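> need a structure here:
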Amino acid sequence: MQVLELWRYPVKSVQGERCDAVDVGPEGFVGDRAWALFDTATGYGLTARRVPELLFAAARTTGGRPDLVLPDGTVTGDDAVLSDWVGRSVELRPASHPGPRTYENPADLETESRWNPFSGADGAFHDNAGSRVTLLSTGSTGDWSPRRFRANVLLDGAGEDGLVGQRVRLGTAVLDVVAPVARCVMTTRPQPGGIGRDTAVLKTIHRTHGGTLSVGAVPSSGGRIAVGDELRAW
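Numbers count the residues shown, from 1 in each chain. Take a look at the predicted model:
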């Protein structure tokens, strides 16, 4: 399998950056999920599970506090502007910010009328501490847009499930592939570019693939990955 696309998401649940090459460190792609929006009233981190509008903004790396490009074209990193856009008081926080990492999942996927809190990973704002880089193949996405699944590495080919338990090399980075990635309501959310709301996506994943799609990995040693690199497993 060969690297077709690389994606970094500077702000959790916001659209990310397509990259020609990325550096990999202990937290995964350098700069990935390095920031998140938090509701200052509830203390909860915001995700597109709870606030689908987040997917209609895009974040870009600046070397410091990231810029967010809002749906109307406004470019900002200002909390007051972001609060006006989201409709609640929010604060853009770095991964170094102390405090709990609590997010929400819908308890009822059909009505989304009840929500359950859960704790995310320390460090970069990943949901699961056991996965820092996600790998997805075009063979798994089929007719679905790969963007629904927000993977870091899109591979041209098929067979990423068979990598679980193996060590792989991409470019000069070495990753341990640890587990399939469980999927949630995020996969059903609408996004820019004509990706509509589709509840059948998650139902199909549960029916045909045990609720998972793509695999998660943790860096064994850092390095650099570029589009076109071949994945080598051992």
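> In the longest helix along the chain, which residues are buried?
Identified as the longest helix of the chain according to DSSP state H is helix 200-209. Neighbour counts using 16 or more other C-beta atoms under 10 Å place 201-202, 205 of helix 200-209 among the buried residues. Quick note: C-beta positions are derived from backbone N, CA and C, even for glycine.
> what do you get for stretch 223-234?
Quick answer for stretch 223-234 (16+ other C-beta under 10 Å): 223, 225, 227, 229, 231.
> before we move on, what about stretch 76-95?
Result for stretch 76-95 [16+ other C-beta under 10 Å]: buried residues 76-77, 79, 82-83, 85-86, 90, 92-93, 95.
> Can you name the residues that contact Ala95?
27, 33-36, 123-125 (C-beta atoms under 8 Å, 6 or more residues apart in numbering).
> Just these: which are in strands?
Among those, the members found in strands (DSSP state E) are 35-36.
> farthest-separated two in the contacts of Ala95?
Greatest spacing in those, by C-beta to C-beta: Glu27 and Ala36 (13.5 Å).
> if you count what's nearby, which of the two comes out ahead?
Using other C-beta atoms under 10 Å as the criterion, Glu27 and Ala36 rank with Ala36 on top: 25 against 22.
> Tell me who's in contact with the residue most central in space within the chain.
Residue closest to the average C-alpha location in the chain (C-alpha atoms, centre = their mean): Arg150, at 4.6 Å. Arg150 sits next to 7, 9, 16, 134, 186 when contact means C-beta under 8 Å, 6+ apart.
> Going by distance to Leu175, which of the residues you listed wins?
Using C-beta to C-beta, the contacts of Arg150 come closest to Leu175 at Thr134, 10.5 Å.
> give me phi/psi at Gly216?
phi -110, psi 150 (degrees, to the nearest 10).
> out of everything not next to it in sequence, what's closest to it?
Ser131 (2.6 Å; C-beta to C-beta, 6 or more residues apart in numbering).
> now Gly157
That would be Met1: by C-beta to C-beta, 6+ apart, it lies 3.7 Å from Gly157.
> Count the residues that sit near the one you found.
Met1: 23 neighbours (other C-beta under 10 Å).
> for it, what are its contacts?
137, 155-160, 230-231.
> May I see the residues you listed organised as a markdown table, with pLDDT and distance to Pro192 added?
Shown next, in a markdown table, are those (pLDDT from 0 to 100; distance: C-beta to C-beta, whole Å):
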| residue | pLDDT | distance to Pro192 |
| --- | --- | --- |
| Ser137 | 97 | 23 |
| Leu155 | 98 | 23 |
| Asp156 | 96 | 23 |
| Gly157 | 92 | 27 |
| Ala158 | 93 | 27 |
| Gly159 | 93 | 30 |
| Glu160 | 95 | 26 |
| Glu230 | 98 | 31 |
| Leu231 | 97 | 29 |
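> Filter these down to the buried ones and hand me the ChimeraX line.
Of the contacts of Met1, the buried ones can be selected in ChimeraX as follows, counting by 16+ other C-beta under 10 Å:
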select :137,155,160,231
